[in-house]
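Asks: sequence first, predicted coordinates after that:
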Amino acid sequence: MRVLVVEDDHKIAGSIKRGLEQESLAVDVAYTGSNGYDLASSEDYDAIILDRMLPEMDGVEICKKLRGEGIHTPILILTARGQISDKVEGLNSGADDYLVKPFAFEELLARVRALSRRPKNSLETTLKVSNLTLNTTTYEVFRGKNKINLTSREFALLEYLMRHTGQTLTKDQIIGHVWDYDSDVLPNTVEVYMGYLRNKVDRAFKNLPQLIHTQRGFGYKIGESN
């Protein structure tokens with residue numbers, strides 16, 4: 001899951017980024033409204049955390065421009081302005097949610113995850129492929145009754161695959177959703193992590209069907225073999 005944080009306060013932005021990354025999310029940060037708008041309009045994000053009062057372009061203007069261009073990435077406005085009229089203006093500009101500072105990080109994370117599920121029409125926190133299950137709340141993964149221990153990057157990769165069960169995902173798509181914009185990631189990095197994931201999800205269970213598949217020349221997908 002890839003999130004854009006647009007926040008001019010470097011301390012707050014850094015805190016949010018570190019917290020989200022600890023929860024296995026890839027995070028890009030912009031410190032000005034114009035930079036945030038450029039990233040939001042050119043990159044593919046699962047959610048945007050957007051400060052309202054920003055230099056160069058405020059959050060409400062960014063919302064209006066993105067929605068006017070047909071970009072429907074879920075947006076959470078994060079601001080110190082908590083009057084009802086401020087919330088109404090923010091939501092009417094195209095934002096999906098509104099959180100007032102100061103805030104609890106646990107609530108921010110819950111709201112971001114809830115927003116990220118909306119476009120996929122899935123309200124489930126537990127993803128399932130055959131007898132493989134992944135819980136996005138507890139961060140637990142099981143193959144049948146056997147628990148699988150994953151690193152945060154492996155978890156993010158598996159979650160992305162399972163949210164697109166049966167779909168072939170290219171290396172570029174995987175990089176774009178599992179690693180942040182500033183990461184120096186090469187295509188063979190995806191191959192390495194897919195190998196790690198296969199070792200834990202498939203090769204560790206030799207008597208069970210393989211779930212992760214390579215589509216030569218195209219990418220990877222997860223699902224039961226036809």
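Replies: Received it, and whenever you're ready, just let me know what you need.
Asks: show me where the chain has helices.
Replies: 10-22, 33-42, 59-68, 84-92, 105-117, 152-162, 171-178, 187-198 (DSSP state H).
Asks: quick one, which of those helices is packed in tightest?
Replies: Scoring the helices of the chain by mean neighbour count under mean count of other C-beta atoms under 10 Å gives helix 152-162 as the most buried, with a mean of 21. Glycine gets a C-beta too; all of them are placed from N, C-alpha and C.
Asks: now the angle from that one to helix 187-198?
Replies: Put simply, helix 152-162 runs at 90 degrees to helix 187-198, going by axes from the mean of the first three to the mean of the last three C-alpha atoms, to 10 degrees.
Asks: residue contacts, the most centrally placed residue in the chain?
Replies: Note on the chain: the residue nearest the mean C-alpha position is residue 1, at 2.0 Å, using C-alpha atoms, centre = their mean. Applying C-beta atoms under 8 Å, 6 or more residues apart in numbering to residue 1 gives the contacts 24, 25, 26, 46, 47, 113, 116, 156, 159, 160, 177.
Asks: tell me how far it lies from residue 169.
Replies: As defined by C-beta to C-beta, to the nearest Å, residue 1 lies at a distance of 14 Å from residue 169.
Asks: now do residue 115
Replies: Distance from residue 115 to residue 169, by C-beta to C-beta: 22 Å.
Asks: do residue 13 as well
Replies: Applying C-beta to C-beta to residue 13 and residue 169 gives a distance of 29 Å.
Asks: and if you look at residue 178?
Replies: Distance from residue 178 to residue 169, by C-beta to C-beta: 10 Å.
Asks: lowest average confidence, helix or strand, in the chain?
Replies: helix 84-92 (a mean of 81; mean pLDDT, DSSP states H and E).
Asks: output the contacting helices and strands for that helix.
Replies: helix 59-68, strand 75-79, strand 97-100 (3 or more C-beta pairs under 8 Å, 6 or more residues apart in numbering; DSSP states H and E).
Asks: low-confidence ranges in this structure?
Replies: The chain contains residues with pLDDT under 70 at 118-125, 182, 226.
Asks: so it: which segments form each domain?
Replies: Per automatic domain parsing, the structural domains of the chain span 2-120, 126-222.
Asks: you'd agree residue 141 is up against residue 150?
Replies: Yes: assessed by C-beta atoms under 8 Å, residue 141 is found in contact with residue 150 at 5.8 Å.
Asks: need the overlap of contacts for these two.
Replies: If you check residue 141 and residue 150 against C-beta under 8 Å, 6+ apart, the residues they both contact are residue 158.
Asks: what's the burial count for the residue lying closest to residue 194 once chain neighbours are set aside?
Replies: Excluding the flanking residues, the one nearest residue 194 by C-beta to C-beta, 6 or more residues apart in numbering is residue 220, at 5.9 Å. Residue 220 has 23 neighbouring residues, counting by other C-beta atoms under 10 Å.
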